[in-house]
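Colleague: kindly generate the corresponding structure for this input.
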Amino acid sequence: MVEFRLYYNDNGEVICYTCENLEGNYIIIDRQTFAEGNPHAKVVDGKVIKPSSFVSVMKYVQSNQGITCAKEDISIIVESDYTIDTITWEEKLYESINC
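Modeller: Sure, this is the predicted structure:
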């Protein structure tokens, strides 16, 4: 009997769909999920979550690395050698599952 497998990384992101026995994290999936082969799916608690089931939002958070902007206006990007007050922002990914 053929076994359909979805291999994924520690973040739950799809590595590959296969019938082969490879090293790494995997779950056994049904024929339909295998046929769809959605590279944007995620594995959460041993279950496949389709992209329409979760929301990804990128937000800027203060950081020591990233994009340096004028302190009074994030839309003004500046070089580090300017004499005005600056603040540095970095993108952070927030995800929520709507199951």
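Colleague: which strands and helices sit next to the lowest-mean-pLDDT helix or strand in the chain?
Modeller: Lowest mean confidence among the helices and strands of the chain (mean pLDDT, DSSP states H and E): strand 86-97, at a mean of 83. Packed against strand 86-97 by the contact rule (3 or more Cβ pairs under 8 Å, 6 or more residues apart in numbering; DSSP states H and E) you find strand 54-70. From N, CA and C alone the C-beta is placed, and that goes for glycine too.
Colleague: quick check: next helix or strand after the strand it packs on?
Modeller: The C-terminal neighbour of strand 54-70 among helices and strands, as given by DSSP states H and E, is strand 73-77.
Colleague: where does the residue of the chain most remote from its centre land in three-state SS?
Modeller: With distances taken as Cα atoms, centre = their mean, the residue sitting farthest from the centre of the chain turns out to be Thr83, at 36.5 Å. Using DSSP: H, G, I helix; E, B strand; the rest coil, the structure places Thr83 in coil.
Colleague: re earlier: now the least confident helix or strand of the chain - C-alpha only, PDB.
Modeller: What follows is strand 86-97, C-alpha atoms only, in PDB (Å, rounded to 0.1, in the frame of the first residue of the first chain):
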ATOM      1  CA  THR A  86      16.300  58.200  14.600                       C
ATOM      2  CA  ILE A  87      14.600  54.900  15.500                       C
ATOM      3  CA  THR A  88      15.200  51.500  13.900                       C
ATOM      4  CA  TRP A  89      12.400  49.200  12.900                       C
ATOM      5  CA  GLU A  90      12.300  45.500  11.900                       C
ATOM      6  CA  GLU A  91       9.500  43.400  10.400                       C
ATOM      7  CA  LYS A  92       8.000  40.700  12.600                       C
ATOM      8  CA  LEU A  93       5.600  38.000  11.400                       C
ATOM      9  CA  TYR A  94       2.400  37.400  13.400                       C
ATOM     10  CA  GLU A  95       0.200  34.500  12.500                       C
ATOM     11  CA  SER A  96      -3.100  33.300  13.800                       C
ATOM     12  CA  ILE A  97      -5.100  30.200  13.000                       C
END
